[in-house]
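[1] Mind folding the following:
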Amino acid sequence: MVREAAAAAHVTERTVYRWLLLPDFADAYRTATTRRLDVAAGALRTASTEAVAALRAAVTHGESHAVRTRAASEVLKHAFACTLDDIAARIERLEAALRVRDWTPPGVDTHADA
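    Purely as a prediction, here's the structure:
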C-alpha cells in the first residue's frame with residue numbers, strides 16, 4: 001500500500017514512511033487502507049454464500065476423508081476470522097469512544113515518541 005500511496009502522491013516510498021510518523025497523516029492513511037480493505041471484504045462477503053454452500057457440500061458429501069477434513073478446516077478458519085473481525089470492530093469503537101472523551105488510561109504516556 002505504501003508503494004501505491006507514493007505513486008499516487010508522486011513521492012518516494014521513503015517520503016511516505018516519513019509522513020507516516022505524522023499522526024494526522026498516519027490516521028488518514030489507516031482510514032484509507034481500512035476503506036480499501038472494506039471494499040475487498042464486501043466482495044468476499046458477496047461470494048461467501050456460494051462458497052459456504054460448496055464447503056458444506058464438501059464436508060458432507062466429499063469424495064474422500066481428506067476432502068471433507070479440508071473443507072471443514074476451511075469453514076472453521078473463516079468462522080474464526082469473522083469472530084476476529086467482530087472483535088476488531090468492537091476495539092475500534094472503544095478506541096473512538098476514548099478519543100471522544102479525550103481520556104488516557106493510567107500508565108499510558110501520550111507524549112512518548114513513537
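[2] chain center to stretch 80-87: distance?
    10 Å (C-alpha atoms, centre = their mean, to the nearest Å).
[3] meant to ask about stretch 84-103, not that
    14 Å.
[4] Convert it to PDB, retaining C-alpha atoms only.
    Provided in PDB are the C-alpha atoms of stretch 84-103 (Å, rounded to 0.1, in the frame of the first residue of the first chain):
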ATOM      1  CA  LEU A  84     -11.800 -11.600  14.900                       C
ATOM      2  CA  ASP A  85     -13.300  -9.000  12.600                       C
ATOM      3  CA  ASP A  86     -16.100  -8.500  15.100                       C
ATOM      4  CA  ILE A  87     -13.600  -8.100  17.900                       C
ATOM      5  CA  ALA A  88     -11.600  -5.700  15.900                       C
ATOM      6  CA  ALA A  89     -14.700  -3.600  15.200                       C
ATOM      7  CA  ARG A  90     -15.500  -3.500  18.900                       C
ATOM      8  CA  ILE A  91     -12.000  -2.400  19.700                       C
ATOM      9  CA  GLU A  92     -12.200   0.300  17.100                       C
ATOM     10  CA  ARG A  93     -15.500   1.600  18.600                       C
ATOM     11  CA  LEU A  94     -14.000   1.600  22.100                       C
ATOM     12  CA  GLU A  95     -10.900   3.500  20.900                       C
ATOM     13  CA  ALA A  96     -13.100   6.000  19.200                       C
ATOM     14  CA  ALA A  97     -15.100   6.500  22.400                       C
ATOM     15  CA  LEU A  98     -11.900   7.100  24.300                       C
ATOM     16  CA  ARG A  99     -10.700   9.600  21.800                       C
ATOM     17  CA  VAL A 100     -14.100  11.500  22.000                       C
ATOM     18  CA  ARG A 101     -13.700  11.600  25.800                       C
ATOM     19  CA  ASP A 102     -10.000  12.500  25.500                       C
ATOM     20  CA  TRP A 103      -9.400  10.000  28.200                       C
END
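[5] and it, average pLDDT?
    For stretch 84-103, mean pLDDT rounds to 78.
[6] Now do the buried residues in the worst-scoring helix or strand of the chain on mean pLDDT.
    When the helices and strands of the chain are scored by mean pLDDT, DSSP states H and E, helix 65-101 comes last with a mean of 79. Across helix 65-101, burial judged by 16 or more other C-beta atoms under 10 Å covers 71, 72, 74, 75. Any C-beta I mention is one placed from the backbone N, CA and C, and that applies to glycine too.
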